[in-house]
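Visitor: only geometry, no sequence info:
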Ligand code: IPE
Ligand code: IPE
Ligand code: MG
């Protein structure tokens, strides 16, 4: 791949998939069209990450705060994936990596939870690359849930063992120009490199991913030490 060296590839990349609505609005389309195209883009970018040699991609698809959105938007986000899955069921075999989900399981509609479980089940034998989709995920919820399962004295390792996303993030990308975490992976990004892309998520392509990788490869990570 042009100018992206094959050494110093981040092990774990996390992406805040932001800007679906604004992208659609610019095209004079409803927000739902942005979510649809954003969803398609997720599988394109996952494939590109796998090709580059990234081991793990964790994406923020729906936050614990996103329930505040209008009813029709939530309804679309909860039902469209089910519909698309039913229509394309046989294509699940094309996915040659593991897909897992992180987040609360007590508020997502049952039919979507079933689809999520089915996707996990059908891809669990795949080796190597893993895509984790965070849905009804919030880092406050994740940390509180973890801590409540533990008895004092609590250690860092004990907390990490109970988190929904267990590995530290090397590179965090947020699309759409916003420079905030919005309650995503607060614990796991402690030593991550941050990269903010101006483009909206549906327009974030392989070239944008390459740019983020090149930026990452120029960074000097010190983890509190001296280089
Ligand atoms: C990200 O795009 C997807 C979700 C949060 C579900 P947005 O829906 O936040 O799009 P903008 O930020 O309003 O443009
Ligand atoms: C963060 O985006 C959540 C996801 C991308 C799923 P938001 O669009 O919800 O974040 P804010 O409201 O701009 O902080
Ligand atoms: Mg947004």
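Guide: Sure, I can see it. Bear in mind that the values here come from a model prediction, so they are computed numbers and not experimental data. Numbering: from 1, shown residues only. Ligands and ions are numbered 1, 2, ... in the order given.

Visitor: Three-state assignment for the spatially most central residue of the chain, please.
Guide: The centre of the chain sits closest to residue 59, judged by C-alpha atoms, centre = their mean, with a distance of 0.3 Å. Secondary structure, DSSP: H, G, I helix; E, B strand; the rest coil: residue 59 is strand.

Visitor: tell me the contacts of it?
Guide: 14-17, 42, 131-134 (C-beta atoms under 8 Å, 6 or more residues apart in numbering). All C-beta spots, glycine's among them, are computed from the backbone N, C-alpha and C.

Visitor: now do residue 157
Guide: By C-beta under 8 Å, 6+ apart, residue 157 has no neighbours at all.

Visitor: With neighbour count, pLDDT and secondary structure added, can I get the contacts of residue 59 in TSV?
Guide: Converted to TSV, these look like this (neighbours: other C-beta atoms under 10 Å; pLDDT from 0 to 100; DSSP: H, G, I helix; E, B strand; the rest coil):
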residue	neighbour count	pLDDT	secondary structure
14	26	99	strand
15	27	99	strand
16	23	99	strand
17	25	98	coil
42	19	98	helix
131	24	98	strand
132	21	99	strand
133	23	99	strand
134	26	99	strand
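
Visitor: Grab the two from these that are most spread out in space.
Guide: Farthest apart among the contacts of residue 59 by C-beta to C-beta are 16 and 131. That separation is 15.0 Å.

Visitor: any idea where the helices of this protein begin and end?
Guide: In the chain, the helices defined using DSSP state H lie at 20-26, 31-52, 71-87, 110-123, 139-148, 156-162, 206-218.

Visitor: how many neighbours does the closest residue to residue 21 other than its chain neighbours have?
Guide: Of all residues not flanking residue 21 in the chain, residue 31 sits nearest, at 4.1 Å (C-beta to C-beta, 6 or more residues apart in numbering). Residues within reach of residue 31, counting by other C-beta atoms under 10 Å, total 19.

Visitor: so which of the contacts of residue 59 comes closest to residue 169?
Guide: Closest to residue 169, out of all of those and judged by C-beta to C-beta, is residue 14, at 4.5 Å.

Visitor: Would you mind measuring from that closest one to ligand 2?
Guide: Using C-beta to the nearest ligand atom, to the nearest Å, residue 14 is found at 11 Å from ligand 2.

Visitor: can you list the residues of this protein near ligand 1?
Guide: Proximity of the chain to ligand 1 is confined to 17-22, 62, 66, 77, 176 under the rule C-beta under 6 Å from any ligand atom.

Visitor: The closest residue to ligand 2 within the chain: what's it in contact with?
Guide: Proximity of the chain to ligand 2 (C-beta to the nearest ligand atom) peaks at residue 182, 3.6 Å away. Listed by C-beta under 8 Å, 6+ apart, the contact set of residue 182 reads 16, 18, 60, 63, 65.

Visitor: Quick check on it: phi, psi?
Guide: phi 50, psi 40 (degrees, to the nearest 10).

Visitor: And the pLDDT at it?
Guide: Predicted confidence (pLDDT) for residue 182: 99.

Visitor: Tell me how far it lies from residue 138.
Guide: Using C-beta to C-beta, to the nearest Å, we find residue 182 at a distance of 9 Å from residue 138.

Visitor: Please identify every residue contacting each of the two.
Guide: Common neighbours of residue 182 and residue 138 (C-beta under 8 Å, 6+ apart) are 63, 65.

Visitor: Pull out the buried members of the residues of the chain next to ligand 1.
Guide: Buried members of the residues of the chain next to ligand 1, counted by 16 or more other C-beta atoms under 10 Å: 17-21, 62, 66, 77, 176.
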